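Chemist: can you look at this prediction? I've put the sequence above it.
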Amino acid sequence: MRFRGGHKSGILELDLTPMIDMTFQLIAFFMLVVNFTESEQDERIKLPVSELAKPNDLPLADPIFLQLTRDGQVVWAGQEVALDEMPARLRAEGAILEENQKSPADATIVVRGDENAKTSSVQRLIQICKEARFERFNLRAREDDR
């Protein structure tokens, strides 16, 4: 094979545009992943203030977020559900966990109750969860800013 010698060898320049584009895509991806936990919060729920409130040290295993409104409705997966409908929904959630070789006792129920929600509604929600064989609970509140 013969090569033509008519080309001068010059300095090769790399096109950095694809690398910069990929970098920005990775940044956007990680921003979405980091803010994922905030999607489980509903702006309709105003948490009560507590001096004992503190963030979790470790991430929760299999969290299920239940948000209790001041009217006694439960916000679950973005939908308002009556408290009377929760037993059937929690049993269905427990069945899904069991299909994945887990027990409802392994999941953590995170209760975010509005500051104006009745205490009896929070207690009833926890009792419904216990009847559906959920055992771990985490009650959320805001830290006292004093």
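Modeler: In hand now; what should we look at?
Chemist: and R91, how far from Q25?
Modeler: According to Cβ to Cβ, to the nearest Å, R91 stands 41 Å off from Q25. Where C-beta positions appear, they are placed from N, C-alpha and C, glycine not excepted.
Chemist: so these two - more neighbours on which side?
Modeler: R91 (13 against 10; other Cβ atoms under 10 Å).
Chemist: ok, that one to S120 distance?
Modeler: 22 Å.
Chemist: now do E99
Modeler: Distance from E99 to S120, by Cβ to Cβ: 34 Å.
Chemist: try R133
Modeler: Using Cβ to Cβ, one gets 22 Å for the distance from R133 to S120.
Chemist: more neighbours, these two?
Modeler: R133 (15 against 9).
Chemist: thought the more buried one was touching A105?
Modeler: Yes - using Cβ atoms under 8 Å, R133 is in contact with A105, at 6.3 Å.
Chemist: may I have stretch 105-122 as CSV, with CA atoms only?
Modeler: Output of stretch 105-122 as CSV, limited to C-alpha atoms (Å, rounded to 0.1, in the frame of the first residue of the first chain):
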residue,chain,number,x,y,z
ALA,A,105,-42.8,-5.1,59.0
ASP,A,106,-39.6,-4.3,57.0
ALA,A,107,-41.1,-1.0,55.6
THR,A,108,-41.1,2.3,57.4
ILE,A,109,-44.3,4.3,57.4
VAL,A,110,-43.4,8.1,57.4
VAL,A,111,-46.4,10.1,58.8
ARG,A,112,-46.4,13.8,57.9
GLY,A,113,-49.3,15.2,59.8
ASP,A,114,-50.5,18.8,59.3
GLU,A,115,-50.0,21.0,62.4
ASN,A,116,-53.8,21.5,62.5
ALA,A,117,-54.7,17.8,62.0
LYS,A,118,-56.4,16.1,64.9
THR,A,119,-54.2,13.9,67.1
SER,A,120,-57.0,11.3,67.0
SER,A,121,-56.6,11.1,63.2
VAL,A,122,-52.9,10.5,63.5
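Chemist: all good on my end, thank you.
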